[in-house]
Structure formats: C-alpha cells, structure tokens
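**Student:** What follows is a predicted structure for the sequence shown.
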Amino acid sequence: MLVVAFLLVTGCQGDKGSAGEGAAEKGICYTALGKDVESAVRRVAGIPNSVKITRYGHPQDSADELIANVDAGTPDEAKRLDFCRFYRESVVAVPPVEVSFSVVREVPASRGADALGKSYRMAKGAVATTKLGVLYFECFSKKLSRGEGAKVLVRGASRTNDEVAESEAAAYQDNLRIVHASSRAFAELLGCEANAGIPATFSMSPEV
C-alpha cells in the first residue's frame, strides 16, 4: 500500500512543479516564473537566500478545469484554482506565498474585498495590499466554447500567508509582480489572445 501511495503522489506531482527534484524543474510553476518572481517572494515573506524555495502547483490542471467549467456553464466564482505555491524547503503546512485563479462575472467597482489597498491600471484592473496582489484580466480563447471561442473574466491573486517582511510600498509592488507573471503564464495556458491585455513586462502602473 505504501508503494501504491508513493506512486500516486509522485504521479500527481510530476511535471507540475512538485517538491521532487527531478520533476520540479519541468513544471510550469518553475519554468514560467523567473528569478524576479522568486526574489519578490523572498522579499515579501522574509525568506533568506540561504533557504531553498520549493514550488508546487497544478497550473495545467487548473487551466483545464477552468475551461471545462466555463464550457459546462458551471464556473464557481468562489472556487480558487491552484496555480503555484511557494514553500520554505519542503511542501508542508501553509505556504508563505500562494497564487490562485478564479472566474468572476465582473470587476467590482470598489474591488470588493480587495479594496483594502490601492487600485492600479493594469489589464482590467489590479489591486494591491501588503499581503495580497490581485489582477483581473479578460481572456478570449479558442479553447473555450468547445473550440468556437468565448470570452471569460479571470481574477488572479497572489496571497502572502506569513508576516510581511518589507515596507508597505515594497510589498504592494512585489505582490503585483508575482500575480502579473503568474497571470501571463495562466493566460498562455488558457490560450488567451493578445495575452489577455497583460503587459509583457512588469512595471508599477498608475493608481486609479
């Protein structure tokens, strides 16, 4: 039974940014998010360079689930789709930083629960707090509507679960940097045209 359990776990982790050394390097969680993102994670969560960061997530599975749910007409706005989690050393307990995506019907005028920080002009809208970076983007993809093409509004969120280890202004920027890169990668998995309007490179956009 232990062997079966091990095979099941490694099968789930393989090529999805797992904690396993061999499979981890192949995962989108690793290849699509560069050193600038890892540096931002280290700064905002206070992880020193001497501590290894292990990434774990299911980017492709989450993109496939979003497409399937939209096509079935059953997208759950409350459900967060796991993209990438950043751990100290090994995959245990709560990750210091995690990125997820969800489908939404509209960008809240006041950004709803995201309105505790500042709003920025990026894609369809962005919000940052000391522990949260949110990016809304509209994706038109031929992968949706069973190949006919359709449009969907997506909310990406980078959440810091540890105590923030940098200044408020720096945390705002790093949280947006993480969710920006993650959203570009997720938009590519979804097949979004024109990268869903997400800029190719990150810079702090003007406040709204």
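**Tutor:** Great, that's in hand.

**Student:** Do a quick rundown of the strands in this structure.
**Tutor:** 53-56, 81-88, 97-104, 118-120, 125-128, 132-141, 150-160 (DSSP state E).

**Student:** what sits up against stretch 38-47?
**Tutor:** 48-49, 53, 86, 88, 96-97, 160, 162-166, 170-171, 174-175, 177-178 (C-beta atoms under 8 Å, 6 or more residues apart in numbering). Yep, even glycine has a C-beta here, placed from its N, CA and C like the rest.

**Student:** Write the ChimeraX selection for whichever of the residues you listed are buried.
**Tutor:** Applying 16 or more other C-beta atoms under 10 Å to the contacts of stretch 38-47, the buried members can be selected in ChimeraX as follows:
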select :53,86,88,96,97,160,164,165,166,171,174,175,177,178
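
**Student:** re the thing from before, out of the strands of the chain, nearest to Pro206?
**Tutor:** Pro206 sits nearest to strand 118-120 of all these, at 6.9 Å, using C-beta to C-beta.

**Student:** Show me which positions of the closest one end up buried.
**Tutor:** Lys118, Ser119, Tyr120.

**Student:** wait, doesn't the second one sit right on Gly125?
**Tutor:** Yes - with contact defined as C-beta atoms under 8 Å, Ser119 reaches Gly125; the gap is 6.6 Å.

**Student:** Deepest in the core, which of the strands of the chain is it.
**Tutor:** strand 125-128 (a mean of 27; mean count of other C-beta atoms under 10 Å).

**Student:** average pLDDT across that one?
**Tutor:** The pLDDT scores in strand 125-128 average 93.

**Student:** Could you list every helix and strand that that strand packs against?
**Tutor:** strand 118-120, strand 132-141, helix 168-190 (3 or more C-beta pairs under 8 Å, 6 or more residues apart in numbering; DSSP states H and E).
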